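> Sequence and predicted structure, then a few things I'm wondering about:
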Amino acid sequence: MAKENFFKRFPWLLHLLLMVAVSLVVLMLVFLFIRIYARQGEEYEMPDMVGKNIVEAEADNAIGLEFVVMDSLFHQGVEGGTILTQDPKGGTMVKSGRKVYVSITAYNADDAVLPELAGLSVRQAVSELYAVGLEVGRLTFVDDPYKNSVVDQSSRGKNLYAGQQVPRGTVVDLVVGSGDGSGTSSVPFVIGKTADKARRDIVSVSLNVGREHFKGVKDKATAVVYRQEPDYTGVNKYLYGSNVELWYIDANNTDVAKMVSDFRVDSSKIVDPNDIDDGRPTPDEIEANEESWTW
């Protein structure tokens, strides 16, 4: 009775307490709704989908990811729809329903117009071909008075002509003049580079890509070179058309920057460096200036 008399005497206090209680209940419901809506605490490890087909990735999607294709690039010999890059990367903790942005290989190649290559140097021809989405395959050197100048071009044994429409990604083989047959070039430094970039660097200096080793590699598109033969010295010269053999490793499992920075020229593999005066440092200069020596 005393309590009843108290609230009768102060009814505003009863109303205040009821308002506080209702407010607390509302706040609890709001926080509960936010927690459920935002899925707080429900995080999952993002799978690494690079190298997988996007159709398979979408079908095997246990955490409800939303795939957004940002770009599609044609790669010769790679199945259309293969995931090349993803953001967020594999191993990242994400919530269910997270958008994942991917780039994939195109299912069909659109056409490119073959540029005029006759008379260009190999380096110029390589630049022209890559600029329109074509690739360079094998360099074949033939007797011709114009050293290192493109004579003809073909693809899979069929001759091509300037202005012809060919699918982007087509590999174009070049026939090049050998001049007096004495043309030489240094092997470029391709450690840490992808296959596409390594191949381009090698053919740009009039050398050929030899055997390529992908043993144990899961994704050839993103794999990087960890060994090359002949080794890079910056000094040794090789006849035009010589082969450069490459070994690859998965970039995802490798500290590429460290691998490149740790590389040191093996002076024991330099052949008569003092007989070559091309402005490059000698082995002693390389060893004495390891930190400042760049490629």
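Happy to help now that I have it. Numbering: from 1, shown residues only.
> Where does pLDDT dip in the stretch 51-200 of the chain?
Residue ranges of the stretch 51-200 of the chain with pLDDT under 70: 76-77.
> which residues in it form strands?
Using DSSP state E, counting those that start in this stretch, the strands of the stretch 51-200 of the chain run over residues 66-73, 83-87, 93-95, 99-105, 111-113, 135-142, 150-155, 158-159, 165-167, 171-177, 184-185.
> would you turn these into JSON lines with mean neighbour count and distance to residue 47?
Any C-beta I mention is one placed from the backbone N, CA and C, and that applies to glycine too. Below are those laid out as JSON lines (neighbours: other C-beta atoms under 10 Å; distance: least, C-beta to C-beta, whole Å):
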{"stretch": "strand 66-73", "mean neighbour count": "13", "distance to residue 47": "12"}
{"stretch": "strand 83-87", "mean neighbour count": "19", "distance to residue 47": "9"}
{"stretch": "strand 93-95", "mean neighbour count": "13", "distance to residue 47": "10"}
{"stretch": "strand 99-105", "mean neighbour count": "18", "distance to residue 47": "9"}
{"stretch": "strand 111-113", "mean neighbour count": "14", "distance to residue 47": "35"}
{"stretch": "strand 135-142", "mean neighbour count": "18", "distance to residue 47": "31"}
{"stretch": "strand 150-155", "mean neighbour count": "19", "distance to residue 47": "38"}
{"stretch": "strand 158-159", "mean neighbour count": "8", "distance to residue 47": "42"}
{"stretch": "strand 165-167", "mean neighbour count": "14", "distance to residue 47": "32"}
{"stretch": "strand 171-177", "mean neighbour count": "20", "distance to residue 47": "33"}
{"stretch": "strand 184-185", "mean neighbour count": "16", "distance to residue 47": "44"}
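> out of these, nearest to residue 56?
strand 83-87 (9.5 Å; C-beta to C-beta).
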